[in-house]
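Asker: Structure, please.
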Amino acid sequence: MSRQIRWRIAIPFVALFSLILISLGIYLTNSIKQTKLQEVEDQLTAEGYLLADFLLSLSAENNLTSIDMDTQAKRWAKLLGTRVTIIGPHGEVIGESNAVREEMDNHLNRPEVQQALTFGFGKSTRFSRTEGENEMYIAIPVKRESQIIAFARVALSLVQIQTEIAQVIRIISLSILIATILAIVLATLVANYIARPIHQLTNQIKIFSFKSPDDRLVPTSEDEIGQFAKAFNDLVEQLRLQYAALEIEQSKLEAVMQQLSDGVLIIDEHGLVQLINPAAQRMFDTTEENALGQSIAKVLRHHQLIELWKQVMETGESQFIPLEIATKHLFVQGEALPFGKTLPGRTLMVFQDITHIRHLETVRRDFISNISHELRTPLASLKALTETLQESALDDPPAARRFLNRIETEVDALSLMVQELVELSRIESGKVPLQLKSVSPEELISTALERLRLQAERSGLRLYLDSPPDLPSVLADPPRMEQVIVNLLHNAIKFTPSGGEITLSAQLLDDFVVFSVKDTGVGISPEDLPRIFERFYKADRARSGGGTGLGLAISRHLVEAHSGKLWAESVEGKGSTFYFTLPLAH
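Answerer: Residues are numbered from 1 along each chain as shown. Coordinates of the predicted model:
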């Protein structure tokens, strides 16, 4: 902080000072250069006019061409300290002080001569091929009765002036450099003087502690920094009181969380666990060290709970879900609540252990409601058949045989229901060991497809297989997963009208293979879709199709026992698609 403030003070000061000095140096250099050139121009102009007057008086006595003008030019050049050139009215050189006149070109088109011819005065600064250096030329016409009889031109080398200007530039540049160095030193000293109290306060704040009542900032001056230290001390006193109150409230909250029988988690907007109490640690078989800062998927390991959290984040409303933790034989009631403006983006998840309540409800529902519902039809049918057989069919052997066959069918249905109930009970209780091994997804699909192909053809349906041949193997118990696929395929055949299509497919998705059974059947209504995996539950359209209503429940438990997920998507009247995932065999 102090270094930043120091340089924020020093750098602008030095930059501004340097800019002013450089601008001043450029201005002085240009001013001196213009002054020097103007002095040379004034000198040459005066000498040019003096020379023109002398030539005019000389021409009055003699013809200029009859005089040795070279000698005159050299004499004048020595007296004036300049180069002198006498030019005839047509541009021929008739006198030259510094060169061989006979070797010189016609000078009528020289800039200074043209200006003198046009305006009566000519000036030009250019490189002289004769002298090999930059020179300033002044040309004055010599007139007699408005007739130009010659041009008097004087010139002076600018090398000396350029040397003097370069010397001035070096002196100014050195002065600017020295002044800049002094400015840097001065700015650094001033910046350090200003930043030192801030640096001292910063060091005191770094070692400051709310828990120590003696920790106070010591004002180092009576200026703004000192006033800041006093204001900070007052603020700290207020914060220390609030901090103590918060510590008391936090202790109360921790005591409640420790003793609370419900599991509690706080999830941030990124899906990371920020708080977990002991009850939740026991429910989800984790520890505080392993849970804090980890994703909800890694801590809870249940896709329903992840979906619950996502729904809260999307809708901003409380969500409820009953959840069965099969590995721990627990039933919990999950509730997710957004904190809203109190803690934006944070979600409170509360899990109430309702295992005992759920167990009682399950017993009542399974053995009173569902069983009675499923048994009512076959028992009523058996009773009617028996009464009919006793009253009239015993004397009619063919009719009696027909009634007995129907009785046998009803008894077989009851036996199948009991068998599936036993199977589901064993799966839920974990008493069915899985023989997991690496198996090809195509092999699982093909086996189930061949078992039901004849049944599909009899129903007038077309079966399709969509599975890439290079899919990696999955970790599964083949007989159990074939049972799942056969069950899903059997349902698709049962509820797809003749002429429809059924497609079995498998696709790779991350570390899973997604299997699907898609049909073009009657579909499932939105009201029934969430409940189709419940035991004994049948959608209204399926009531006439037979079955016990246990197949999907068994399939779901088998898939979840393989660490997979089973779900369905459907549009009523357009067909259904059942999906389930299996992990790859690494």
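Asker: got a list of contacts for stretch 159-178?
Answerer: 18, 21-22, 25, 28-29, 32-33, 36-37, 40, 133-134 (C-beta atoms under 8 Å, 6 or more residues apart in numbering). No exception for glycine: its C-beta is placed from N, CA and C like everyone else's.
Asker: Where does the record place the domain boundaries for the chain?
Answerer: In terms of domains, the chain is parsed into 2-164, 219-257, 260-353, 358-428, 437-583 (source: automatic domain parsing).
Asker: Pull out the buried residues from the contacts of stretch 159-178.
Answerer: 18, 21, 25, 29, 32-33, 36, 40 (16 or more other C-beta atoms under 10 Å).
Asker: Taking the centroid of this structure, which residue is nearest it?
Answerer: His270 (14.1 Å; C-alpha atoms, centre = their mean).
Asker: Next, give phi and psi for that one.
Answerer: phi -90, psi 0 (degrees, to the nearest 10).
Asker: can you start the count at 23 instead of 1 from here on
Answerer: That works, and once the first residue is 23, the last one we named lands at His292.
Asker: Give me the pLDDT value at it.
Answerer: At His292, the model reports a pLDDT of 87.
Asker: cool, the one 4 residues further on as well?
Answerer: The predicted structure scores Gln296 at 84 on the pLDDT scale.
Asker: so who does it touch?
Answerer: 288-290, 314, 368.
Asker: what do you get if the cut-off is 7 Å, keeping everything else the same?
Answerer: 288-290 (C-beta atoms under 7 Å, 6 or more residues apart in numbering).
Asker: go on, Leu297?
Answerer: 287-288 are the contacts of Leu297 under C-beta under 7 Å, 6+ apart.
Asker: Could you say which helix or strand holds it?
Answerer: According to DSSP states H and E, Leu297 maps onto strand 295-298.
Asker: about what we covered before: taking the contacts of stretch 181-200 one by one, which sit in strands?
Answerer: 155-156 (DSSP state E).
Asker: thinking again about what came up before, can you list the buried ones among the contacts of stretch 181-200 in CSV and add pLDDT?
Answerer: As requested, the buried ones among the contacts of stretch 181-200 are arranged in CSV below (pLDDT from 0 to 100):
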residue, pLDDT
Ser40, 82
Leu43, 82
Gly47, 82
Thr51, 82
Ile54, 83
Lys55, 83
Lys58, 83
Val62, 85
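Asker: Inside helices: which ones of these?
Answerer: 40, 43, 47, 51, 54-55, 58, 62 (DSSP state H).
Asker: Now flag whichever of the contacts of stretch 181-200 is closest to Val115.
Answerer: Comparing those against Val115 with C-beta to C-beta places Glu155 closest, at 19.2 Å.
Asker: isn't that closest one right up against Ala177?
Answerer: No: the pair Glu155 / Ala177 is not scored as a contact, 10.5 Å apart, by C-beta atoms under 7 Å.
Asker: Give me the buried positions along the helix or strand hosting Ile515.
Answerer: Assigned by DSSP H and E, Ile515 belongs to helix 500-516. Neighbour counts over helix 500-516 (16+ other C-beta under 10 Å) mark 500, 502-516 as buried.
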